[in-house]
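S.K.: fold the following and give me the result.
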Amino acid sequence: MTKILVDGAEVDVPPEYTLLQACEAAGAEIPRFCYHERLSIAGNCRMCLIEVKVGGKSGPKPVASCAQQVKDLPPARDNMLNELVTKSATVAKARNGVMEFLLINHPLDCPICDQGGECDLQDQAVAYGRSGSRFEENKRAVEEKFMGPLVKTVMTRCIQCTRCIRFATEVAGVPELGATGRGEDMEVTTYLEASLSSELSANVIDLCPVGALTSKPYAFNARPWELTKTESVDVMDALGSAIRVDARGEAVLRVLPRVNDEINEEWISDKTRYAEDGLSRQRLDRPYVRVNGKLRAASWDEALQAAARALAVGGDRIGAIAGDLACAESMKATLDLFRVLGSANTDCRPDGAKLGGGARQGYLFNSTIAGIDDADAILLVGTNPRVEAPVLNARIRKAWLRGAEVAVIGEATDLTYRYAHIGAGPQSLGQLGAVAELLKNAQRPMIIVGQGALARPDGAQVLRAVGRLAAQLGVVREAWNGFNVLHTAAARVGGLDLGFLPAQGGKSAEEMSQGGLDALLLLGVDEAPLPSTGTVIYVGTHGDAGAHRADIILPGVAYTEKDATWVNTEGRVQYGRRATFPKGDAKEDWTILRALSAVMGKTLPYDSLAQLRAKMIADHPSFGQVDYAPGAADATRFDPAQLGADGSISNEPFRSPITDFYLTNPIARASVTMAECSRLKRGAERVAAE
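M.R.: Predicted coordinates for the structure are as follows:
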């Protein structure tokens with residue numbers, strides 16, 4: 001640690017801190033446009049100028065505080081600590097001059113700029129701007145750029161801070177943005193005027209400190225002060241990214257990231273951000289009952305009575321499958337009801353993944369998402385994290401940039417970082433070669449197995465093979481558990497924690513989907529094969545595949561319309577918050593099951609969300625550990641070699657379960673924005689193939 005003075009106050013800071021960080025550690029506010037703590041230092045804008053005093057004397061000129069570290073300061077002289085001055089007249093004059101230059105060519109279009117009210121340049125101009133301009137020449141104008149369906153450009157506003165360029169190159173790993181020209185002719189643009197291809201591309205909107213890059217789907221929809229802001233949890237993948245849902249009235253207008261260093265840092269995927277328009281399209285807002293082969297609108301009483309009659313046979317003639325977007329409360333209520341009805345046929349794995357039934361470590365991302373930052377050797381098995389969890393993929397890329405070695409067994413595709421491709425299928429698990437020694441000798445080795453390896457007929461055998469490999473290589477050790485399962489469904493870990501699995505003698509989701517049951521309840525199941533016989537009761541939000549097959553539709557609510565519990569891939573319990581009210585006559589899923597149980601004379605023992613959560617925690621204590629990731633807890637008592645089952649393994653190559661990143665769930669498939677992104681992506685892939 002190094003002692004310095006900041007505006008006369010003594011602080012002790014690490015020597016690797018920049019002067020800007022040292023000033024902020026002392027409570028001083030430093031304006032900036034180009035500096036961002038998660039990007040490399042560019043030193044472009046010069047707005048963060050401060051004075052540095054050595055031996056009580058100021059240097060010849062102010063210095064850019066973002067571009068110099070504390071350890072680079074000259075040695076203290078005359079027994080006086082070095083001092084950083086942020087509020088002197090010299091500093092104020094320097095910043096005023098920088099602001100005047102920044103505004104020379106900036107257009108005066110704040111009233112029509114979507115960045116208004118959230119603009120760093122606007123805020124800093126209040127503090128450091130002049131009351132008038134001395135610039136009389138014509139302002140420059142810059143031609144607009146095409147960056148795809150998500151990012152709207154007004155490049156005349158650009159101040160060349162290069163945050164977007166650095167993000168695309170360093171974090172997203174897709175260097176499609178750059179600068180051309182010099183001086184006044186400098187322009188930020190995409191190469192060949194192409195659409196941005198990264199699944200994280202829209203984060204440049206949050207990074208842009210002016211209105212040069214704004215949200216195209218959100219353009220001219222609302223001002224920030226008109227919106228109700230609700231902190232919640234993302235369900236588009238299994239990461240549980242921290243988000244903020246901004247709504248006006250009944251409509252969700254945008255989704256933004258919240259800072260959470262343990263999970264998503266401050267990034268979210270484009271699907272998380274822009275699938276929100278699917279929340280208002282193709283919605284189920286009233287119950288339906290199929291009569292004479294056609295669905296017709298019905299009252300809640302009529303629909304619940306029909307569902308009760310269908311489930312009245314009970315026992316092994318009925319079953320329930322939970323989909324990828326089911327919250328923990330709805331699965332708990334469904335599980336309790338079907339156990340009371342005597343049914344063992346319950347499953348939360350519509351994709352057929354061979355997971356669950358044992359210790360939690362067997363289906364969790366045990367190293368934790370933040371633990372990727374510490375990994376020095378990573379083996380990916382049957383997963384494509386770029387489309388299954390883009391934010392987690394950015395973590396892996398960050399580890400790779402730091403020096404971690406990455407190897408892949410599965411599809412050879414662009415993951416935004418270099419890796420050793422060992423093979424395409426499970427036979428490669430025994431052919432690691434030098435990678436085996438690399439993992440064995442690593443301080444923090446990590447194996448990440450995806451659903452492409454587990455959601456197949458021999459998934460249990462593949463899991464056993466991967467578990468044995470993890471044990472042989474010492475991936476699980478004291479204070480470190482490097483065995484990780486990467487899920488793709490937000491509901492999956494919660495369902496496994498609840499034991500939403502076939503009980504003794506019960507049928508799996510695959511078996512129930514083949515038919516043979518008198519009645520099957522689908523809790524938002526739209527991505528799995530559905531039976532052609534029997535009565536299908538669908539509890540869900542959209543007119544998707546499950547609703548098309550259903551005989552009885554009980555409309556539920558989306559994740560933004562309820563208070564709900566979610567468990568992410570690392571086993572972290574999080575609470576989502578309601579941002580808007582349900583559509584039409586739709587009701588929260590667990591209340592539908594509670595009402596159905598009353599109609600059937602099997603009333604569930606809870607009448608409120610608080611009572612349901614209390615029972616859920618009593619039956620499954622892990623749900624009481626909110627915002628806690630188990631990590632390496634009890635790692636020494638976990639033997640990955642015991643996972644799965646023995647048996648033969650097919651040589652069929654591993655394939656990611658996600659074939660189209662933008663259309664993975666009913667909300668995304670109802671989104672016009674996601675449909676356009678998918679169309680452009682397929683077009684680009686066809687051009688590349690030709």
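
S.K.: the residue lying closest to residue 614 once chain neighbours are set aside: how many residues sit nearby?
M.R.: Distances taken as C-beta to C-beta, 6 or more residues apart in numbering put residue 606 closest to residue 614, at 7.7 Å, once the chain neighbours are dropped. Where C-beta positions appear, they are placed from N, C-alpha and C, glycine not excepted. By the criterion of other C-beta atoms under 10 Å, residue 606 has 19 neighbours.

S.K.: what residues are up against residue 606?
M.R.: Residues counted as contacts of residue 606 (C-beta atoms under 8 Å, 6 or more residues apart in numbering) are 594, 612, 614-615.

S.K.: let's go with 10 Å and repeat that
M.R.: Contact analysis of residue 606 by C-beta atoms under 10 Å, 6 or more residues apart in numbering lists 329, 332-333, 336, 590, 594, 612-616.

S.K.: residue 380 is in contact with residue 406, correct?
M.R.: Yes. With contact defined as C-beta atoms under 10 Å, residue 406 counts as touching residue 380 (7.0 Å).

S.K.: quick check: neighbours shared by the two?
M.R.: 396, 415, 419, 446, 448.

S.K.: the last one contacts residue 383, correct?
M.R.: I take that to be residue 448. Yes. Because the distance of 6.0 Å satisfies C-beta under 10 Å, residue 448 is recorded as touching residue 383.

S.K.: who has more neighbours, these two?
M.R.: With neighbours defined as other C-beta under 10 Å, residue 448 and residue 383 compare such that residue 383 has more, 31 against 26.

S.K.: and that one, helix, strand or coil?
M.R.: With DSSP: H, G, I helix; E, B strand; the rest coil as the basis, residue 383 sits in coil.

S.K.: over to the one 10 residues further on?
M.R.: Classification of residue 393 using three-state DSSP returns helix.

S.K.: give me the low-pLDDT residue ranges for the protein?
M.R.: Filtered on pLDDT under 70, the chain yields no residues whatsoever.

S.K.: need the single longest helix in it, by residues.
M.R.: Criterion DSSP state H: the longest helix present in the chain is helix 672-689.

S.K.: list the contacts of it.
M.R.: 148-150, 194-197, 199, 201, 216-218, 270-271, 273-278, 281, 660-665, 667-669, 671.

S.K.: check which residues of that helix are buried.
M.R.: 673-678, 680-681 (16 or more other C-beta atoms under 10 Å).

S.K.: export the residues you listed to TSV and tack on distance to residue 89?
M.R.: As requested, the buried residues of helix 672-689 are exported to TSV (distance: C-beta to C-beta, whole Å):
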residue	distance to residue 89
673	50
674	53
675	57
676	53
677	51
678	56
680	53
681	54
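
S.K.: and these, which is closest to residue 180?
M.R.: Closest approach between the buried residues of helix 672-689 and residue 180, by C-beta to C-beta: residue 680, at 23.5 Å.

S.K.: so what's the spatially most central residue of the chain up against?
M.R.: Against the mean C-alpha coordinate of the chain, by C-alpha atoms, centre = their mean, the closest residue is residue 241 at 4.2 Å. For residue 241, the contact set (C-beta under 10 Å, 6+ apart) comprises 232-235, 255, 257-258, 260, 263-269, 272, 369, 389-392, 568, 574.

S.K.: again, only using 8 Å
M.R.: Taking C-beta under 8 Å, 6+ apart, we find residue 241 in contact with 233-234, 257, 260, 263-264, 268-269, 272, 391.

S.K.: could I get the contacting residues of the closest residue to residue 525 other than its chain neighbours?
M.R.: Distance criterion C-beta to C-beta, 6+ apart; nearest residue to residue 525, sequence neighbours excluded, is residue 323 at 4.0 Å. If you count contacts by C-beta under 8 Å, 6+ apart, residue 323 has them with 350, 489, 491, 522-528, 540, 546.

S.K.: now the longest helix of the chain: how far from the chain's centre is it?
M.R.: In terms of C-alpha atoms, centre = their mean, to the nearest Å, the centre of helix 672-689 is set 21 Å apart from its chain centre.

S.K.: kindly export it (C-alpha atoms) in PDB.
M.R.: The C-alpha coordinates for helix 672-689 follow below in PDB (Å, rounded to 0.1, in the frame of the first residue of the first chain):
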ATOM      1  CA  VAL A 672     -40.100  -9.100 -33.500                       C
ATOM      2  CA  THR A 673     -36.600  -7.800 -32.600                       C
ATOM      3  CA  MET A 674     -35.300 -11.400 -32.000                       C
ATOM      4  CA  ALA A 675     -36.800 -12.600 -35.200                       C
ATOM      5  CA  GLU A 676     -35.000  -9.900 -37.200                       C
ATOM      6  CA  CYS A 677     -31.700 -10.700 -35.400                       C
ATOM      7  CA  SER A 678     -32.200 -14.400 -36.200                       C
ATOM      8  CA  ARG A 679     -32.900 -13.600 -39.900                       C
ATOM      9  CA  LEU A 680     -29.800 -11.500 -40.200                       C
ATOM     10  CA  LYS A 681     -27.700 -14.100 -38.500                       C
ATOM     11  CA  ARG A 682     -28.900 -16.900 -40.800                       C
ATOM     12  CA  GLY A 683     -28.300 -14.700 -43.800                       C
ATOM     13  CA  ALA A 684     -24.700 -14.000 -42.700                       C
ATOM     14  CA  GLU A 685     -24.100 -17.700 -42.100                       C
ATOM     15  CA  ARG A 686     -25.400 -18.500 -45.600                       C
ATOM     16  CA  VAL A 687     -23.100 -15.900 -47.100                       C
ATOM     17  CA  ALA A 688     -20.100 -17.300 -45.100                       C
ATOM     18  CA  ALA A 689     -20.900 -20.800 -46.200                       C
END
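
S.K.: nice, that's everything, thank you.
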